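K.L.:
Sharing a sequence plus its predicted fold:
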Amino acid sequence: MKEDTPKDPDAQPQTLQPFPFQHLLPLIPAGGLTPDHWKILSERLRNAIAAKSDGLALTEVEARNFRENCLVIQKAGIGLELRNYSLLEVYSAQQWRAEYQTVEEFAKKWAKLSKGQLMKCVDSAQIALIMADADLGPVAPTGRQVEVLAMVEPDHRVSAWKVVLAAYEKNKNTADEARHVLRNYCKENDLVFGRRKPNGSKMSGQGNTKLPDSKAVIMAPPPPPENRNDWTESLSNSEDHTLISILHIDTLQDALMEFDGNSPVKMIGEILLEIGADLHNDQTPEHMEAALSLVFRKEPVLEEKLRKMALALLAEAISRKLEHRIRESQMAKAESLEKE
């Protein structure tokens, strides 16, 4: 018996229907769609555009195609959630170890994901599981909220999210609001929030900065130790993930391809050292820190936005420097080929 298809694409069916396009596409191999599959879909798109009517109501052909596309989109969303869980299980139980040297190698082959992308999928599945166990499934974080909550230590994510939900009752339900609440939660509980230092460490924008002395002398920073890059070689998976997540996805993928798939963490560490070693011939940073401290006392919400913008600009600078290294490597390879 043929199952009834809901006329409203937003209506959730009681059971999942057979995957659409089966009548159109030949058997799909494990590796995914082939060029032949895309040629068939290209023809389908041409037919769909040709069948487009001018009226507000859809024709029977348009309505059928629309229902099929809605089912694909729905099943893709379910598939991504199940993929994230499977990646979590393979990662947590180390099921990759018999056939692959690293979990990153497994993720690249089976899911076409970089290490940073893999860890985001693992975080998403972990958070979905703990939210369900805590009976918070209907109000669990979504989208960017998941990425923000992943910056909190796993043992505190449920309690921290409950604090966010309480804040949402008074303010907008946004990822930025969640980030603000979670940062304060970590500070109050002496926890690390993402890349931030634990509560009590010296940080800008906390209202404790003194105005700089106009006669102060700008001192050169001490020379970096000889083993200045060692800290990037002893990072845990979650710390690696934290560092990689500051890069644009495209930049991360380009770096992995250009530098033989190696993790760009070491280069990020080198770039951070390079930026941190840059000398300023004036007192602008000190004056700016004092200005932000004043804004924090008068308009803390504005200070929060300005501080976020400064951190975003730093992340942008890191991405630009890494992109420059990628271009230099590509040019060097091209020159080498020309000489040969």
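P.N.:
The structure has been received and is ready for your questions.
K.L.:
And the one helix or strand S336 maps to, what does it pack against?
P.N.:
S336 is part of helix 300-339, with elements assigned from DSSP states H and E. Using 3 or more C-beta pairs under 8 Å, 6 or more residues apart in numbering; DSSP states H and E as the contact criterion, the secondary-structure elements in contact with helix 300-339 are helix 249-258, helix 265-277, helix 284-298. In this view, the C-beta of every residue, glycine as well, is placed from N, C-alpha and C.
K.L.:
redo that, cut-off 6 Å
P.N.:
helix 249-258, helix 284-298 (3 or more C-beta pairs under 6 Å, 6 or more residues apart in numbering; DSSP states H and E).
K.L.:
Quick one: closest of the ones you listed to S92.
P.N.:
Closest of the helices and strands packed on helix 300-339 to S92 is helix 249-258, at 23.2 Å (criterion: C-beta to C-beta).
K.L.:
for that closest one, packing partners?
P.N.:
Checked by 3+ C-beta pairs under 6 Å, 6+ apart, helix 249-258 has helix 300-339 packed alongside it.
K.L.:
I244 and Q253: what is the separation?
P.N.:
Distance of I244 to Q253, computed by C-beta to C-beta, to the nearest Å: 11 Å.
K.L.:
Kindly report the same for H37.
P.N.:
Remark: distance between H37 and Q253 (C-beta to C-beta) = 23 Å.
K.L.:
before we move on, back to that, just put the helices and strands packed on helix 300-339 in TSV and tack on distance to T59 and mean pLDDT.
P.N.:
Output for the helices and strands packed on helix 300-339, formatted as TSV (distance: least, C-beta to C-beta, whole Å; pLDDT from 0 to 100):
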stretch	distance to T59	mean pLDDT
helix 249-258	39	77
helix 284-298	59	76
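K.L.:
Could you single out the most deeply buried of those?
P.N.:
Among the helices and strands packed on helix 300-339, helix 249-258 has the highest mean neighbour count (mean count of other C-beta atoms under 10 Å), at a mean of 17.
K.L.:
Give me the angle between that helix and helix 265-277.
P.N.:
What separates the directions of helix 249-258 and helix 265-277 is an angle of 120 degrees, with axes from the mean of the first three to the mean of the last three C-alpha atoms, to 10 degrees.
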